[in-house]
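Chemist: sequence and predicted structure, then a few things I'm wondering about:
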Amino acid sequence: MLKSDAETLEDVRIVIVLLERAYYREWNVAGGESFITKQIDESIESMNEIVEMLEGE
């Protein structure tokens with residue numbers, strides 16, 4: 001893996017952690033699933049796909 005890919009992977013993992021924090025915060029405020037939690041969930045899935053792609057290289 002290239003150094004730039006490793007740095008990107010680290011950055012993407014940080015984004016995932018922040019998205020997860022936002023997801024659970026919104027979940028608690030909304031009392032369950034909301035439009036925002038659905039959007040965040042889709043973003044987390046996309047970020048996980050990037051992680052899989054970078055780890056596969």
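Modeler: Thanks, I have the structure now.

Chemist: going forward, measure contacts and count neighbours with C-alpha atoms only.
Modeler: Fine.

Chemist: low-confidence stretches in this structure?
Modeler: For the chain, applying pLDDT under 70 flags the ranges 1.

Chemist: centroid residue for it?
Modeler: residue 16 (2.8 Å; Cα atoms, centre = their mean).

Chemist: and the residue nearest to that residue when sequence neighbours are not counted, what element?
Modeler: Nearest residue to residue 16 in three dimensions, chain neighbours excluded: residue 44, at 5.9 Å (Cα to Cα, 6 or more residues apart in numbering). Using DSSP states H and E, residue 44 sits in helix 35-56.

Chemist: hang on, the earlier thing: how near is the residue nearest to residue 16 to residue 7?
Modeler: Separation of residue 44 from residue 7 (Cα to Cα, to the nearest Å): 18 Å.

Chemist: so for these two, which sits in the more crowded spot?
Modeler: residue 44 (21 against 11; other Cα atoms under 10 Å).

Chemist: would you agree the more buried one is in contact with residue 18?
Modeler: No: under the criterion of Cα atoms under 8 Å, residue 44 makes no contact with residue 18, lying 9.7 Å away.

Chemist: which parts of stretch 39-52 are buried?
Modeler: In terms of neighbour count (16 or more other Cα atoms under 10 Å), stretch 39-52 has its buried residues at 40-41, 43-44, 47, 50-51.
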